[in-house]
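Peer 1: Everything below, folded, please.
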Amino acid sequence: MGMKVHGAIISPSAMRVLACLYEKDLDFQFVPVDMATAQHKNKSFLALNPFGQVPAFEDGDLKLFESRAINKYIASAYSDKGTPLINRDPKKMAIIAVWAEVEAHKYEPPANKLTFELAIKPLMGMTTDDAVVKEQEDVLGKVLDVYEARLAESKYLGGDSFSLADLHHLPTMTLLMGTRAKAVFESRPHVRAWSADIMARPAWNKVLAMKAAAA
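Peer 2: As a prediction, the model looks like this:
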């Protein structure tokens, strides 16, 4: 049956899974989900993701949702393909896992709020709340201070090699780099270099090309 990703190319979560698939150099089918017509709330889609959110993922008879969980599966099940995104060494993998958790629980909350205020609201004709932006820039800045210290001693968050811990940042990072929040990243030299490095990866550029082609 092959792999299928059901999602909207504008969705950061869907883009996260696509980036992983391209890094692993795997064949897959992208099944567009029209969120404007609430296709993600249809019974057929809810059978794939009962929360009615994109993406949903299929690999043969396996059905998954939640982008980070999907990527953990892909990186593990296809560890011999493409870019290694996890590590077989338990101690090295534990470090990757720590920073993957940091991304999900420390970085993503303020990054998501900033993305909504600075990237999504303007597209919807809504007014950005400057107080929320300032507050969340401060929160994100404190997280990136920790990143700056980490990246001063390690090329990537999880170690010397690019991993899921880095990849998972790409969707919101790329959106924020087109806003005033770019300064929060670029004012920290090691974070700036790391951001430029991971955003330049060929796999990520394939995702951005998909998004541009669908615009």
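
Peer 1: Chain neighbours aside, what residue packs nearest to residue 190?
Peer 2: Leaving aside its sequence neighbours, residue 190 sits nearest to residue 151 (CB to CB, 6 or more residues apart in numbering; 3.8 Å). C-beta: built from backbone N, CA, C; applies to glycine.

Peer 1: What is the burial count for that neighbour?
Peer 2: 21 (other CB atoms under 10 Å).

Peer 1: what bits of the chain have low per-residue confidence?
Peer 2: 1 (pLDDT under 70).

Peer 1: Against the centre of it, work out the most remote residue.
Peer 2: Going by CA atoms, centre = their mean, the residue of the chain most distant from its centre is residue 43, 26.6 Å out.

Peer 1: quick revisit: surely the residue nearest to residue 190 and residue 192 touch.
Peer 2: No - Residue 151 is beyond contact range of residue 192, at 9.5 Å (criterion: CB atoms under 8 Å).

Peer 1: if we can go back for a sec, tell me how far the residue nearest to residue 190 lies from residue 127.
Peer 2: 35 Å (CB to CB, to the nearest Å).

Peer 1: for the protein, longest helix please?
Peer 2: Using DSSP state H to assign secondary structure, the helix with the most residues in the chain is helix 130-151.

Peer 1: Mind listing what's buried along the one helix or strand residue 210 maps to?
Peer 2: According to DSSP states H and E, residue 210 maps onto helix 202-214. Going by neighbour count (16 or more other CB atoms under 10 Å), the buried part of helix 202-214 is 203-204, 207-208, 211.
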